[in-house]
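Asker: with the input below, show me the fold.
(one chain, ligands or ions: 3)
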Amino acid sequence: MGTVVDAPNREANGSLSEKKPTVVFVLGGPGSGKGTQCENIVNHFGYTHLSAGDLLRAEIKSGSENGTMIQNMIKEGKIVPSEVTIKLLQKAMLESGNDKFLIDGFPRNEENRAAFEVVTQIEPEFVLFFYCPEEEMEKRLLSRNQGREDDNIETIRKRFKVFLESSLPVIQYYESKGKVRKIDAAKPIAEVFDAVKVIFTAKDEKVKHHACVIL
Ligand code: ADP
Ligand code: C5P
Ligand code: MG
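Answerer: Ligands and ions are numbered 1, 2, ... in the order given. The predicted structure follows:
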């Protein structure tokens, strides 16, 4: 592993930053419904959904040299070094051909946040934060049934601890910059999406208004 600004990252960033992509970070505790709502946003608003967790799981499956390390970290609910995750995100952004991204489950800690900013020079448009009580998230994770090695009660407790200690401070950081859009994620899926739609529609209206003023 090199530093966060090693050659492949810089090359990837060259073409990425030229594109000036729109990035929305989608954050919330494990099981708060990030992936579920991202699917809805993709269908309605034309974003590309990139789940950091999904990219890391795909990396394990691909048999990459980092696979064993990633698998061990996920089993323990720990956060994989930013260098690895950011490279996967950059690659997926470049390959997508899109310029609007939902980055789900990232940044998970201060290291993720700072490294992404330095390497990509991208500031998120806003942060969508799904708030949900632990009791509800635990119930959802235990019945998710996707065969995930980390959806067991022991790992779930570790993930909740990491969320409180490492991920919440990142949300607080963006809160202090006025970038957080908080959603009550304990409601049924359709009601959560109603609240999400309001936020993305308001964003699109703002863009249209701006275009009218320029024209
Ligand atoms: P995350 O990506 O935040 O970990 P998921 O979107 O995978 O969460 O959702 C976790 C589980 O909870 C899934 O089985 C999903 O179908 C279910 N789920 C998602 N949103 C809701 C909701 N609002 N109410 C009830 N169950 C939900
Ligand atoms: O978001 P998701 O629940 O899919 O993440 C599963 C696991 O992937 C996390 O508990 C963590 O071990 C790892 N992960 C990570 N860094 C991220 C996102 C996920 O290490 N930014
Ligand atoms: Mg998810």
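Asker: from Lys61, how far off is Glu165?
Answerer: Distance of Glu165 to Lys61, given as C-beta to C-beta, to the nearest Å: 29 Å. The C-beta positions use only the backbone N, C-alpha and C, and glycine is treated the same way.
Asker: which SS class is the residue of the chain found nearest ligand 2?
Answerer: Residue nearest to ligand 2 within the chain (C-beta to the nearest ligand atom): Gly53, separated by 1.9 Å. What DSSP: H, G, I helix; E, B strand; the rest coil gives for Gly53 is helix.
Asker: just give the number of residues close to it.
Answerer: Gly53 has 19 neighbours, counted by other C-beta atoms under 10 Å.
Asker: tell me which parts of this protein are close to ligand 1?
Answerer: 28, 30-36, 140, 144, 188-189, 192 (C-beta under 6 Å from any ligand atom).
Asker: filter those to the buried ones?
Answerer: Gly28, Pro30, Gly31, Ser32, Gly33, Lys34, Gly35, Arg140, Val192 (16 or more other C-beta atoms under 10 Å).
Asker: of these, which pair is most distant in space?
Answerer: Maximum pairwise distance in these, criterion C-beta to C-beta, is 16.0 Å, between Pro30 and Val192.
Asker: just to revisit the earlier point, now for the residues of the chain next to ligand 1: which two are most distant?
Answerer: Pro30 and Pro188 (19.1 Å).
Asker: how about the helices in the chain?
Answerer: With DSSP state H as the criterion, the chain has helices at 7-19, 34-45, 52-61, 67-75, 82-96, 110-120, 134-142, 153-162, 168-176, 189-214.
Asker: select from those the stretch with the lowest mean pLDDT.
Answerer: If the helices of the chain are sorted by mean pLDDT, helix 7-19 sits at the bottom with a mean of 67.
Asker: ligand 2 contacts on this structure?
Answerer: 30, 51-53, 56, 73-74, 77-80, 85, 105-106, 108, 112, 150, 159.
Asker: of the residues you listed, buried ones?
Answerer: 30, 51-53, 56, 73-74, 77, 79-80, 85, 105-106, 108, 112, 150, 159.
Asker: so what's Gln71 up against?
Answerer: By C-beta atoms under 8 Å, 6 or more residues apart in numbering, Gln71 lies in contact with Ile60, Glu149.
Asker: how about 6 Å then?
Answerer: With contact set as C-beta atoms under 6 Å, 6 or more residues apart in numbering, Gln71 has these partners: Ile60.
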